[in-house]
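Enquirer: How does the following fold in three dimensions:
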Amino acid sequence: MDFKAVLSLIIKRFSKEHVRYALMGGFALGALGVPRATIDLDFLIYRDDLPKIDSIMKENGYGCVYKSKNVSQYVSAVKIFGEIDFLLAFRDISVKMLESALEKDIFAGELKIRVLRPEDIIGLKVQALVNDEARAAKEYLDIEALMDYYGSNLDWMSIKEYFEIFDKVGKFNELKKRFCDVKR
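Expert: The predicted model follows:
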């Protein structure tokens with residue numbers, strides 16, 4: 001995927017159509033200072049903006065290959081445009097994530113993009129590892145990379161709430177001790 005070409009194209013359209021979005025997933029980690037290889041793009045959007053997304057994606061040669069009440073996935077036949085997934089925000093917690101997203105420069109300041117806060121990406125990764133235990137090792141690597149990079153600058157109470165939702169407080173305590181409570 002040519003991330004710069006794709007993001008240049010769709011971010012412009014998101015702005016024009018007033019799509020409320022935030023980048024999440026692997027590319028978002030890089031935008032937050034924690035680079036990780038990724039092959040697609042992942043966004044959180046308001047569910048009410050899905051018709052706009054559907055139109056934007058189809059106009060740009062993407063086909064919808066999966067749609068549910070929680071997620072829509074689009075793939076382009078043109079390899080450089082790749083796959084883009086949209087997680088739909090309609091619950092209070094995901095709406096709050098969108099409302100608190102950060103604006104970040106990417107591609108040496110050539111583009112500005114909204115990105116979920118590190119704490120919220122961690123929360124989504126906890127959900128992902130609970131939903132699919134085969135992903136746990138990979139998700140914990142990303143969580144630990146964010147915790148290592150941001151350390152005590154993270155909102156640890158917010159992160160604890162995510163771990164509590166998924167009954168992972170013991171793991172939270174272990175990670176907090178390793179990444180927040182240590183002197184650097």
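Enquirer: make it CA atoms for all contacts and neighbour counts henceforth
Expert: Noted.
Enquirer: Identify the residue nearest the geometric centre of this structure.
Expert: Closest residue to the average C-alpha location of the chain: residue 24 at 1.2 Å, with Cα atoms, centre = their mean.
Enquirer: Now do the phi/psi pair for that residue.
Expert: Phi and psi for residue 24, reported as degrees, to the nearest 10, are phi -140, psi -180.
Enquirer: what's the answer for residue 148, then?
Expert: Torsion angles at residue 148 (phi, psi; degrees, to the nearest 10) stand at phi -70, psi -40.
Enquirer: Touching, it and residue 176? I think so.
Expert: No: if you go by Cα atoms under 8 Å, residue 148 and residue 176 don't touch, sitting 10.1 Å apart.
Enquirer: mind listing the helices for this protein?
Expert: Assigned by DSSP state H, the helices in the chain fall at 3-16, 25-31, 50-59, 92-99, 118-131, 136-150, 156-165, 169-179.
Enquirer: For the third one, name the packing helices and strands.
Expert: By that I understand helix 50-59. In terms of contacts (3 or more Cα pairs under 8 Å, 6 or more residues apart in numbering; DSSP states H and E), helix 50-59 is packed against helix 3-16, strand 62-67.
Enquirer: burial of the residue nearest to residue 162 when sequence neighbours are not counted, as a residue count?
Expert: Nearest residue to residue 162, sequence neighbours excluded (Cα to Cα, 6 or more residues apart in numbering): residue 123, at 5.1 Å. Residues near residue 123, counting by other Cα atoms under 10 Å, number 21.
Enquirer: Residue 123 and residue 58: what is the separation?
Expert: Look at residue 123 and residue 58: by Cα to Cα, to the nearest Å, they are 30 Å apart.
Enquirer: and what of residue 131?
Expert: For residue 131 relative to residue 58 (Cα to Cα), the value is 30 Å.
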